[in-house]
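In: Show me how the following folds:
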Amino acid sequence: MATVFEVFGPIAMFRRPYTTTSSVSYPVPTPTALAGLISAIIGLSNGSEERASSANYWQHLKGTQVAVRLLAPLKWRTKSINFWNVKNPAKSPHIQVKHQFISNPRYRIYVHGGIEEQLRKQLINNSFVYTPFLGVSYALAEVKYMGDCSLEPVRVEEPVDVVTVIPFIDELEIDVEKSLEVFRERIPFCLSEDRELLKTLPIIYQTNPERRLRLLKWGDLSVTRCGEDMVAWFPAW
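Out: Next up is the predicted model:
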């Protein structure tokens, strides 16, 4: 079984960690951002009351798999945000910093194994321990429980049209002509309990939710049918 829910809001920003003054977003929710979102809904503590850099919830996420589907076209918005000027407040009390946001995002999240049962209970009751947001605390998220679905294996001999973001592996073969557009990106996959980056993964995705990525071969990639959706799963954390 897999638990399915949707998240949406007016803005999202999944910040690239190497950007400083001007914050730039990844085009899709990263697995690290999804880990934080799921942990907030369930109420997994990060341990920051003892140490600010702690991310203790990662120990509870072991064995959990996620997948993400774009339900709204990818649109960018750039805004300037006022911050306190802590370096030279005498010169100017505020500074304006440009931020790149995703405008009016909506995503469908699939969760399988690990903490799935805990997540399902919270979603059914529409009860969230911590406030869910889309990447940054000022991008508040609405959450809608979509239900559960059984996972049906897919025959590797037949092409499939996948609706989700796809982790890229060497054995992957894509029909670019049928897919119409294919974008590639490398995103963070998991962190340590001290928020150190442990692993990144390349992904392929589309910006138009009406289109599908057609896979001809996918090797060891986990691809299943979840209801009417053909889903490609990230590896388990």
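In: how far out from the middle of the chain is the longest helix along the chain?
Out: Identified as the longest helix of the chain according to DSSP state H is helix 31-42. Taking C-alpha atoms, centre = their mean, to the nearest Å, one finds the center of helix 31-42 at 9 Å from the center of the full chain.
In: Write down the beta-bridge partners of the spatially closest residue to residue 33 that is not a sequence neighbour, one by one.
Out: Closest residue to residue 33 apart from its sequence neighbours, by C-beta to C-beta, 6 or more residues apart in numbering: residue 14 at 5.0 Å. (Glycine included, C-beta is placed from N, CA and C.) Under DSSP bridges, the beta-bridge partners of residue 14 are residue 26.
In: just to revisit the earlier point, pull the residues that contact the helix or strand that the longest helix of the chain is followed by.
Out: Sequence-wise, the next helix or strand downstream of helix 31-42 (DSSP states H and E) is strand 65-70. For strand 65-70, the surrounding residues in contact (C-beta atoms under 8 Å, 6 or more residues apart in numbering) are 28-29, 31, 34-35, 38, 105-114, 163-165, 205-207, 209, 222, 229, 231-237.
In: Of these, which belong to helices?
Out: Within the contacts of strand 65-70, residues falling in helices by DSSP H are 31, 34-35, 38.
In: possible to save those residues as JSON lines with distance to residue 91?
Out: Formatted as JSON lines, the ones in helices among the contacts of strand 65-70 follow (distance: C-beta to C-beta, whole Å):
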{"residue": "31", "distance to residue 91": "41"}
{"residue": "34", "distance to residue 91": "40"}
{"residue": "35", "distance to residue 91": "40"}
{"residue": "38", "distance to residue 91": "43"}
